[in-house]
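Asks: Got a predicted model here, sequence first, then my questions.
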Amino acid sequence: MSGEAIDTAQYPALAHASEAQLVAIRHRPFNWEKCVDCIGRGETGVEEMGRSPAQMAEYIAFQRTTKENYCSITHYLLEKIFGYPTEDDGSGRLRVQRPVVDAATARVVWRPNDFPYYLEDGIEHNCVWFERGSHTEAELAAVIAAHRPAETYDTAFWVNPLHLMSVPELHHAHVLSRRKPQEDASERAMTRS
């Protein structure tokens, strides 16, 4: 954390934050160069990324409400991302019945991160969710290319180390992207001519 005080009166949900969540609060958005630097340094770099106080407060409130209504965050995500049906678990919370999924029919879902890191305007934070197990880097690169073509977008991606995963039961990757600066696009067009 940057050492700046957190106003729990302004963000009451932060009173319920874990130490790890408090450490992950950032007071200034990350620019593209800083994001690429952090991702490029691997685990120690990724640990530097985080959310603003307002984003973290919203995230913590979401977690608390979701855990009251679902057996776990994983059950919530399986319903929201993959559309699995839910049922009452007997205590008033919802659980999904997770079907057996084979490799041939397993889905891969690209969607905006509901709680993105604190990034400058113009940088998007998406996640790629894998219905079945893990993925290869080539598979992930193909998904990214389908959604953020290299001709138009700069991209950077990573998979959180286990100790940073909020839902380790669901394999997913984080993808940051931004539209390439216009002068780069103009230069590429002139080069092709």
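Replies: That came through, no problem.
Asks: Val36 and Ala20: what is the separation?
Replies: Val36 sits 24 Å away from Ala20, going by C-beta to C-beta, to the nearest Å. The way it works is simple: take the backbone N, C-alpha and C, and place the C-beta from them, glycine included.
Asks: out of these two, which sits in the more crowded spot?
Replies: Remark: of Val36 and Ala20, Val36 carries more neighbours, 16 against 10, as counted by other C-beta atoms under 10 Å.
Asks: Am I right that the more buried one is in contact with Trp158?
Replies: No. Here Val36 does not reach Trp158: they are 10.7 Å apart, not a contact under C-beta atoms under 8 Å.
Asks: Wait, Gln63 touches Tyr76, no?
Replies: No. Gln63 is beyond contact range of Tyr76, at 9.7 Å (criterion: C-beta under 8 Å).
Asks: neighbour count winner among those two?
Replies: Between Gln63 and Tyr76, Tyr76 has the larger neighbour count (other C-beta under 10 Å), namely 22 against 17.
Asks: For that one, grab phi and psi.
Replies: phi -60, psi -50 (degrees, to the nearest 10).
Asks: burial measure for the closest residue to it other than its chain neighbours, as a count.
Replies: In space, Tyr76 comes closest to Tyr70 once its chain neighbours are excluded; the distance is 4.4 Å by C-beta to C-beta, 6 or more residues apart in numbering. Neighbourhood size, Tyr70 [other C-beta under 10 Å]: 21.
Asks: ditto for the one 4 residues further on
Replies: Applying other C-beta under 10 Å, we find 17 other residues in the vicinity of Thr74.
Asks: so where's this protein uncertain?
Replies: 1-7, 184-193 (pLDDT under 70).
Asks: what are the ranges of the helices in this structure?
Replies: Ranges of helices within the chain are 19-23, 32-40, 43-46, 53-69, 73-82, 137-147, 182-192, based on DSSP state H.
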